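Chemist: What would the 3D arrangement of this be:
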Amino acid sequence: MSDDKLREAQKTIMLLEEELKRLSEPPYIAGTVLNIGDKTVRVSLDGAGVFEVNSAPDLDKKLSLGSRVLLSPASKTLLSLSEFSKYGGDIAVVDEIIGNRLKIQAKGECSLIMNALQDVKPGDEILLDPSRAVALERLDRKNTKYHLEEVPKVPWTNIGGLGDVIKKIRQEVEEPFIHKEIYARYGRDPVKGILLYGPPGCGKTLIAKAIAYNISKVNGNDAKGYFIRINGPELLDKWLGNTEANIRRIYGVAREIASEKKGLVVVFIDEAESILKSRGTGISTDAYDSIVPQFLAEMNGTHNDSNILTLLATNREDILDPAVLRDGRIDRRIKIPRPDKDGIAEILQIYLKGVPISKDVGKDINKLSYALAENICDEKNLAYSVIFPAHGLLGNFSYRHLVSGALLKGSIDRASSFAIAREINNGAKGISRSDLEQAIKDELTENTGFSQTLVKEDWEDVFGSQGRQYQEACRRGQLILERYDHAQPKKVNEQIA
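Modeler: Numbering: from 1, shown residues only. Here you go, the predicted structure:
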């Protein structure tokens, strides 16, 4: 073999040996920098504890709290910065800021970690490094559960069929801000809490938004922020103590914004019965024994802050804890009823505004709305019969016991679907009267398949003071609630009813 070939073979062997050595080396260990000293660096290794290692001269100026670094698996020597800047990790919520450390809640556990972030606040959600020792990223508040929403534009004129309710709310909520001096002279503070209760779909959530919007206008604000909306079930957490911590965070954010903005902050909790069930009655678990007191403590803590208003919405006011409902916490309890005939017509007019209407309807939408409302409220249009097996018919529910703002909105949407399908097939344009009549009929017919939409007020409207008793008897199976049979109508047994 010639010298040239020998040298080439030796070179190839050396390259192969180097590649073999590289491939046989164990993987680097990744970690996060906790502290930087003059000669050493404290590094939290992913799943392997905390080590204090010698610093590398060529890395000194590049390292900072939270830097991701690579260490030798054998000697734990600091080798280099990690090439990767994006990674996943556990999400935690900040409870308290203690110097350059954070007290956090994650997976039901409380821990203290290092903070590598700026402008972090209690209640913020943060991303932890893989070793769960350092906060590396603050998540956008708009992507977290509890943040200030931009208040939608909902003037009172957008709400139909609730004139008396709106008048009462404006008197209790708006006027203390409009006439501050007069209220102060009488020693009256603004209400701290309002309960909105009534059948589903009748405008409780819409009223809460309208309160936030109209109060912001009274205060001269730009209607951005000042509104925290929470669905009750969102607060519940499987980890012990986390639900209570969630309640603290909500009111912590509210107090912070109320202090900074000097305006009213509305905390709206929808489906309040999911977290504020009555304690000690068998209708709630032991978890509520600590959830309800935490809510009461936060409500008590807002007494000195006139810029926080709590709104609760529920259709099961009968199972709320009585301590929540007492004056000083929830000062006003306002029923949101089903719309009557005039209310139905008003709601239809609002939803038909700006919608393409056919020529057969013309411009007289008001007349059409009242005609549709009269038909819905006609006592001949019956939905359910209540039967006592031993004695026959006790009473009937009509379609007006099913109607709600949400159902009317669904009827308009359904009618527009009819019109759209017709126009696609080159038919007449716009929603016709027959479209509306058919849509309302279909909506009501579908809803008669769900008897649970009948609430306590509906039973009391038909059966008076015995309504609640009959409702419970029906739930226990002692009475039968069946769809009304128009082909074979029954007569009410007056002696039993």
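
Chemist: burial of residue 437, as a residue count?
Modeler: 16 (other C-beta atoms under 10 Å). Placement of C-beta: from N, CA and C, glycine included.

Chemist: Now it. Nearest residue, chain neighbours left out?
Modeler: Using C-beta to C-beta, 6 or more residues apart in numbering and skipping residues adjacent in sequence, the residue nearest residue 437 is residue 372, 7.0 Å away.

Chemist: Just to check, that neighbour is in contact with residue 348?
Modeler: Yes: with contacts counted by C-beta atoms under 8 Å, residue 372 reaches residue 348, the gap being 6.1 Å.

Chemist: Pick out whichever of those two has more residues nearby.
Modeler: It is residue 348, of residue 372 and residue 348, that has more neighbours when counted by other C-beta under 10 Å, with 28 against 21.

Chemist: buried sites along the host helix or strand of the more buried one?
Modeler: Assessed by DSSP states H and E, residue 348 sits inside helix 341-352. Within helix 341-352, the residues scored as buried using 16 or more other C-beta atoms under 10 Å are 341, 343-352.

Chemist: Repeat that for stretch 106-126.
Modeler: Going by 16+ other C-beta under 10 Å, stretch 106-126 has these buried residues: 106, 113-117, 122-126.

Chemist: ok, back up a step: heading C-terminal from the helix holding residue 348, find the next helix or strand.
Modeler: Proceeding N to C from helix 341-352, the next assigned helix or strand is helix 365-377, under DSSP H and E.

Chemist: Quick one: work out the angle between that following helix and helix 341-352.
Modeler: Orientation check (axes from the mean of the first three to the mean of the last three C-alpha atoms, to 10 degrees): helix 365-377 against helix 341-352 gives 130 degrees.

Chemist: my guess is residue 467 meets residue 459, correct?
Modeler: Yes: with contact defined as C-beta under 8 Å, residue 467 reaches residue 459; the gap is 3.5 Å.

Chemist: what about those two, which has more around it?
Modeler: Taking neighbours as other C-beta under 10 Å, residue 467 and residue 459 compare with residue 459 leading, 22 against 17.

Chemist: in which helix or strand would I find the more buried one?
Modeler: With DSSP H and E as criterion, residue 459 is part of helix 456-463.

Chemist: now the end-to-end length of stretch 230-245.
Modeler: By C-alpha to C-alpha, to the nearest Å, the extent of stretch 230-245 from end to end equals 14 Å.

Chemist: What of stretch 72-90?
Modeler: So stretch 72-90: terminal residues 25 Å apart, C-alpha to C-alpha.

Chemist: Quick check: chain neighbours aside, which residue is closest to residue 215?
Modeler: residue 264 (4.8 Å).

Chemist: Kindly state the pLDDT recorded for that neighbour?
Modeler: With respect to pLDDT, residue 264 has a value of 75.

Chemist: What of residue 78?
Modeler: On the pLDDT scale, residue 78 is placed at 82.

Chemist: Which helix or strand contains the residue nearest to it when sequence neighbours are not counted?
Modeler: Nearest non-adjacent residue to residue 78, counting by C-beta to C-beta, 6+ apart: residue 56, 4.8 Å away. Under the assignment given by DSSP H and E, residue 56 is not contained in any helix or strand.

Chemist: cool, residue 470 as well?
Modeler: helix 467-475.

Chemist: Now do that helix, average pLDDT.
Modeler: Mean pLDDT, computed over helix 467-475, is 89.

Chemist: Equivalent analysis for stretch 314-325, please.
Modeler: 88.

Chemist: what does stretch 445-456 give?
Modeler: Average pLDDT, stretch 445-456: 81.

Chemist: quick one: buried residues of that stretch?
Modeler: Buried residues in stretch 445-456, counted by 16+ other C-beta under 10 Å: 447-448, 453-456.

Chemist: Isn't residue 230 up against residue 268?
Modeler: Yes: contact criterion C-beta under 8 Å: residue 230 and residue 268 qualify, at 7.0 Å.

Chemist: Tell me which of the two has more neighbours.
Modeler: Per other C-beta under 10 Å, whichever of residue 230 and residue 268 has more neighbours is residue 268, with 25 against 19.

Chemist: wouldn't residue 205 be in contact with residue 313 here?
Modeler: Yes: with contact defined as C-beta under 8 Å, residue 205 counts as touching residue 313 (6.3 Å).

Chemist: Need the overlap of contacts for those two.
Modeler: Residues touching both residue 205 and residue 313 (C-beta atoms under 8 Å, 6 or more residues apart in numbering) are 268, 270.

Chemist: So between those two, which is more surrounded?
Modeler: More crowded of residue 205 and residue 313, by other C-beta under 10 Å: residue 313, with 24 against 19.

Chemist: roughly how far apart are that one and residue 396?
Modeler: Using C-beta to C-beta, to the nearest Å, we find residue 313 at a distance of 30 Å from residue 396.

Chemist: now residue 412
Modeler: Residue 412 is 27 Å from residue 396, by C-beta to C-beta.

Chemist: More neighbours: these two, which one.
Modeler: Between residue 412 and residue 396, counting by other C-beta under 10 Å, residue 412 is the more crowded of the two (21 against 17).

Chemist: residue contacts, the more buried one?
Modeler: Contact partners of residue 412, counting by C-beta under 8 Å, 6+ apart, are 348, 351-352, 355, 431, 436, 439.

Chemist: I'm done for today, thanks for sticking with me.
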